[in-house]
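Participant: Below are the sequence and a predicted model for it; my questions follow.
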Amino acid sequence: MKTIFLLFSHTLTEDQLQDAEKSLGTSRVVALPEDLQKKFSNVPPDLITIAEYLQPIEQWLLNLAKEGDYALIQGDFGATHYLVNQCKNKGVIPVYATTERQSIDQVQTDGSVVTQRIFKHKMFRKYE
């Protein structure tokens, strides 16, 4: 069975865990260690390049993942792009979660509108 490595800022929902097992054939979920999670979730916006900044995350992933494992990567666009490419170069399959979104507007007594957004997991999609 395969492993899915989490490089994003959330925990998996029960629907996502079940889908990863069913559709990707994963039996193990590995999240970033706390220090690397903080780093991944807080990419500085003023860096000219991010490869050096992401090096510890990249090393962690590529030291643990084997060819055919999955990496769920969602976050800073530049960091995501960089890590997706590194995964592809090493035979790790990068994926992202897709959601169905619903928006509900509720008019308040004072005339203001409160919008509620509901996200429901649909599937994991491979980065192409």
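Facilitator: Noted; the coordinates are in hand.

Participant: Can you tell me how far Val113 is from Gln106?
Facilitator: 7 Å (C-beta to C-beta, to the nearest Å). Yep, even glycine has a C-beta here, placed from its N, CA and C like the rest.

Participant: now the helices: where do they sit in the protein?
Facilitator: 14-19, 34-41, 51-64, 77-90 (DSSP state H).

Participant: what's the last one in contact with?
Facilitator: The contact list for helix 77-90, computed with C-beta atoms under 8 Å, 6 or more residues apart in numbering, reads 7, 40, 43, 50-51, 54, 57-58, 61-62, 65, 67, 71, 73-74, 93-94, 127.

Participant: Would you mind listing which of those are buried?
Facilitator: Among the contacts of helix 77-90, those that count as buried by neighbour count (16 or more other C-beta atoms under 10 Å) are 7, 40, 43, 50, 54, 57-58, 61-62, 65, 71, 73-74, 93-94, 127.

Participant: Closest to Ser23 out of the residues you listed?
Facilitator: Ile93 (12.0 Å; C-beta to C-beta).

Participant: Skipping adjacent residues, who's closest to that closest one in space?
Facilitator: Counting by C-beta to C-beta, 6 or more residues apart in numbering, Tyr70 is the residue found nearest to Ile93 once chain neighbours are left out, at 4.9 Å.
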